[in-house]
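S.K.: I would like to see how this sequence folds:
(chains A and B)
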Number of protein chains: 2
Amino acid sequence: MEKFSRNNRVSAITKILVENPNSIINLNTFTEKFNAAKSTISEDIVIVRDAMERLKTGRVETISGAAGGVRYICDISDEEVEQFITDLCLILRQKERIIPGNFLYMTDIMSDPKIIHSAGLILAKQFNHINIDYVVTVETKGIPLAYEVAKLLGVQLVVVRRENKATEGPVVTINYVTGSSKRIQSMSLSRMCINKGSKCIFIDDLMKAGGTAFGISDLLKEFDSELVGTGVLVDNMENPQKLVHDYYSMVQFKGISEDNFPIVEPSQGHK
Amino acid sequence: MEKFSRNNRVSAITKILVENPNSIINLNTFTEKFNAAKSTISEDIVIVRDAMERLKTGRVETISGAAGGVRYICDISDEEVEQFITDLCLILRQKERIIPGNFLYMTDIMSDPKIIHSAGLILAKQFNHINIDYVVTVETKGIPLAYEVAKLLGVQLVVVRRENKATEGPVVTINYVTGSSKRIQSMSLSRMCINKGSKCIFIDDLMKAGGTAFGISDLLKEFDSELVGTGVLVDNMENPQKLVHDYYSMVQFKGISEDNFPIVEPSQGHK
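M.R.: Numbers count the residues shown, from 1 in each chain, chains lettered A, B, ... in the order given. Model prediction:
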């Protein structure tokens, strides 16, 4: 069987860990793949851990016991977070983003894998310390971001639908009042999507008055489950009265300036 | 300034490349980050390239010239593809996946980051050899998969909407006939989403008769753009008459067996 050099193993182990965030990988996986002794692999892992810690791009945890192994936890340095948020503000301040109805056009941002990957890292970091079972979002624009956060936290994504679809099987539907326009809306979630007694976080592109987050919390109660955190990219401050108070946002949209530019600032804690 | 060992650099370079698929990274990025000479970094990259090639988990290409650097191209070995497709068939053959209306329940699969990452790798590999500008999907279930493919190919995701939304700005809407139920449906895409003269691939969870893929091709013509490839997870063979012929699928759904199990087989080329 083929032998690999230390450098080769270190590269390959890094790749496997990074591609499987928050998943415990048994050391046997590596000893078999690289035809190497457990002690050798352990030394390789120390090197990977050291590289990540020095560059503040993640942690490698060792879990002992029969079901043990190593696990990669994503991270991003404070400097990179601040840089990302500064760049995001610049992008969001473009004049042409104001579209009829005085909405802020964000579709391109929410579909840009480079932006979404970094935003996902920042959000995952906020919730890395709590054990959650699902990342929940509502269709459509927040799905890539919620998927990225779910992947980085190593859990399943759950997409709540605006309408009941035949392909979802039995669903639970709730009605809720939007906080901004006071309209009644409904949302549905397949019975098969969530196990009872789960802890969930809600991830979305934009927080207006928080009606959706409030509705999600209600919907999860129908599954005997709990909303334990909320994270959004943009907090719309045109709705200063929020129905939810404990949430994380990266930037704040504060309306339109006199010369018709979007006013966008870093959220509290990022100034 | 801090110095890094070769092993540390190899680990860190691997991580940066894997997190930025199909993006050209200038060697200066590495020389500055690791305070090392260009010749040293070049040797590090040879080690990373060698590790990926030996394990068939990707390629590292060198691009010369002023705008040059290195680029990671994702890959997955034929053995891993076959293993994934075998496993996917087993999951899809579960009896409880048949839901009222004789639909195949796939929502959990399309929201499972581990499954979607592997499926994304397999699809990205199919289209790695052509230069595309966008990965297009239609809301909702295919979005995580299409996002993953877009990320791996280093391009922007485009999500076509079923309805016109106020937050999308000016949109182009087309009507199309679904191939399976012969109903008229419409889909909309924001004018700002696609540049003229672009080449796109369409990624979705399920192909029925191909009406949606056909509609996407029509919609892209309104943007003077072209559909150059289509890839789906599941090909529904209950609709054997397809409106499109050149597409890639992983598995085929062939209806329900006498004892009420889904009949799912690997697609042609995966047997």
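
S.K.: quick check: A:Asn20 touching A:Tyr72?
M.R.: Yes - the criterion here is Cβ atoms under 8 Å, and A:Asn20 meets it with A:Tyr72 at 6.8 Å. Placement of C-beta: from N, CA and C, glycine included.

S.K.: who's more crowded, those two?
M.R.: A:Tyr72 (27 against 17; other Cβ atoms under 10 Å in any protein chain shown).

S.K.: what about that one, helix or strand, and which?
M.R.: strand A:69-74 (DSSP states H and E).

S.K.: so which elements touch that strand?
M.R.: helix A:6-19, helix A:27-34, strand A:58-63, helix A:113-127 (3 or more Cβ pairs under 8 Å, 6 or more residues apart in numbering or on different chains; DSSP states H and E).

S.K.: deepest of those, which one?
M.R.: helix A:6-19 (a mean of 24; mean count of other Cβ atoms under 10 Å in any protein chain shown).

S.K.: and the pLDDT at A:Met1?
M.R.: On pLDDT, A:Met1 comes in at 64.

S.K.: hmm, back to that, in a markdown table: the helices and strands packed on strand A:69-74, plus distance to chain B and mean pLDDT.
M.R.: Formatted as a markdown table, the helices and strands packed on strand A:69-74 follow (distance: least, Cβ to the nearest Cβ, whole Å; pLDDT from 0 to 100):
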| stretch | distance to chain B | mean pLDDT |
| --- | --- | --- |
| helix A:6-19 | 4 | 96 |
| helix A:27-34 | 8 | 94 |
| strand A:58-63 | 8 | 95 |
| helix A:113-127 | 4 | 97 |
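
S.K.: ok so, going back, now the angle from the strand holding A:Tyr72 to helix A:27-34?
M.R.: Put simply, strand A:69-74 runs at 90 degrees to helix A:27-34, going by axes from the mean of the first three to the mean of the last three Cα atoms, to 10 degrees.

S.K.: strand A:69-74 vs strand A:58-63, what angle?
M.R.: Using the same axes, to 10 degrees: strand A:69-74 against strand A:58-63 is 150 degrees.

S.K.: A:Ser39: how many residues sit nearby?
M.R.: 10.

S.K.: how far away is it from chain B?
M.R.: Shown here: A:Ser39 relative to chain B, a distance of 16 Å by Cβ to the nearest Cβ, to the nearest Å.

S.K.: cool, A:Val149 as well?
M.R.: On the measure of Cβ to the nearest Cβ, A:Val149 and chain B end up 10 Å apart.

S.K.: may I ask you to confirm that that residue is in contact with A:Asp204?
M.R.: No - between A:Val149 and A:Asp204 there is no contact, the gap being 10.7 Å when judged by Cβ under 8 Å.

S.K.: the more surrounded of these two?
M.R.: Counted by other Cβ under 10 Å, A:Val149 and A:Asp204 do not tie: A:Val149 has more neighbours, with 30 against 24.

S.K.: how near is that one to A:Ala124?
M.R.: 5 Å (Cβ to Cβ, to the nearest Å).

S.K.: tabulate the helices and strands packed on strand A:69-74 (CSV), appending distance to B:Ile174.
M.R.: Output for the helices and strands packed on strand A:69-74, formatted as CSV (distance: least, Cβ to Cβ, whole Å):
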stretch, distance to B:Ile174
helix A:6-19, 38
helix A:27-34, 48
strand A:58-63, 44
helix A:113-127, 26
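
S.K.: tell me how many other residues surround A:Leu90.
M.R.: 10.

S.K.: which residues does it contact?
M.R.: For A:Leu90, no contacting residues are found, by Cβ atoms under 8 Å, 6 or more residues apart in numbering or on different chains.

S.K.: residues contacting A:Thr107?
M.R.: A:Lys141, B:Val159, B:Thr167, B:Glu168, B:Ser190, B:Met192, B:Cys193.

S.K.: all strands for the stretch 101-250 of chain A, in order.
M.R.: In the stretch 101-250 of chain A, the segments counted as strands under DSSP state E, counting those that start in this stretch are A:103-104, A:134-138, A:156-160, A:171-177, A:184-190, A:199-207, A:226-236, A:248-256.

S.K.: quick one: strands adjacent to the second one?
M.R.: So the one you mean is strand A:134-138. Paired with strand A:134-138 in the same sheet, following DSSP bridges, are strand A:156-160 (parallel), strand A:199-207 (parallel).

S.K.: how about the last one?
M.R.: Strand A:248-256 sits in its sheet next to strand A:226-236 (parallel), strand A:262-266 (antiparallel), going by DSSP bridges.

S.K.: swap in the shortest one?
M.R.: Sheet pairing for strand A:103-104, assigned by DSSP bridges, gives strand A:98-99 (antiparallel).

S.K.: pLDDT on the partner strand, on average?
M.R.: 94.

S.K.: give me the contacts around that strand.
M.R.: So strand A:98-99 is contacted by A:Leu104, A:Tyr105, A:Ile256, A:Asn260, A:Phe261, A:Pro262, B:Thr167, B:Glu168, B:Gly169 (Cβ under 8 Å, 6+ apart).

S.K.: now the residues you listed as JSON lines including neighbour count?
M.R.: Shown next, in JSON lines, are the contacts of strand A:98-99 (neighbours: other Cβ atoms under 10 Å in any protein chain shown):
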{"residue": "A:Leu104", "neighbour count": "21"}
{"residue": "A:Tyr105", "neighbour count": "18"}
{"residue": "A:Ile256", "neighbour count": "16"}
{"residue": "A:Asn260", "neighbour count": "9"}
{"residue": "A:Phe261", "neighbour count": "14"}
{"residue": "A:Pro262", "neighbour count": "21"}
{"residue": "B:Thr167", "neighbour count": "15"}
{"residue": "B:Glu168", "neighbour count": "22"}
{"residue": "B:Gly169", "neighbour count": "19"}
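
S.K.: and these, which two are the farthest apart?
M.R.: A:Phe261 and B:Glu168 (20.4 Å; Cβ to Cβ).

S.K.: one step back: select only the buried ones of the contacts of A:Thr107 in PyMOL?
M.R.: Buried members of those, identified by 16 or more other Cβ atoms under 10 Å in any protein chain shown, are gathered into one PyMOL selection as follows:
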select buried, (chain A and resi 141) or (chain B and resi 159+168+190+192+193)
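
S.K.: tell me where chain A is predicted with low confidence.
M.R.: Along chain A, segments meeting pLDDT under 70 span A:1, A:271.

S.K.: what's the angle between the longest helix anywhere in it and strand A:58-63?
M.R.: In chain A, taking DSSP state H as the definition, the longest helix is helix A:38-55. Helix A:38-55 runs at 150 degrees relative to strand A:58-63, counting by the same axes, to 10 degrees.

S.K.: send the alpha carbons of helix A:38-55 over as CSV?
M.R.: Extracted in CSV, the C-alpha atoms of helix A:38-55 (Å, rounded to 0.1, in the frame of the first residue of the first chain):
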residue,chain,number,x,y,z
LYS,A,38,-2.1,6.3,15.2
SER,A,39,0.8,8.0,16.8
THR,A,40,2.0,9.4,13.5
ILE,A,41,-1.5,10.7,12.7
SER,A,42,-1.7,12.3,16.1
GLU,A,43,1.4,14.2,15.4
ASP,A,44,0.0,15.3,12.0
ILE,A,45,-3.1,16.6,13.7
VAL,A,46,-1.0,18.6,16.2
ILE,A,47,0.6,20.4,13.2
VAL,A,48,-2.8,21.1,11.6
ARG,A,49,-4.2,22.4,14.9
ASP,A,50,-1.2,24.6,15.4
ALA,A,51,-1.5,26.1,11.9
MET,A,52,-5.1,26.9,12.3
GLU,A,53,-4.6,28.4,15.8
ARG,A,54,-1.7,30.6,14.7
LEU,A,55,-3.8,32.0,11.8
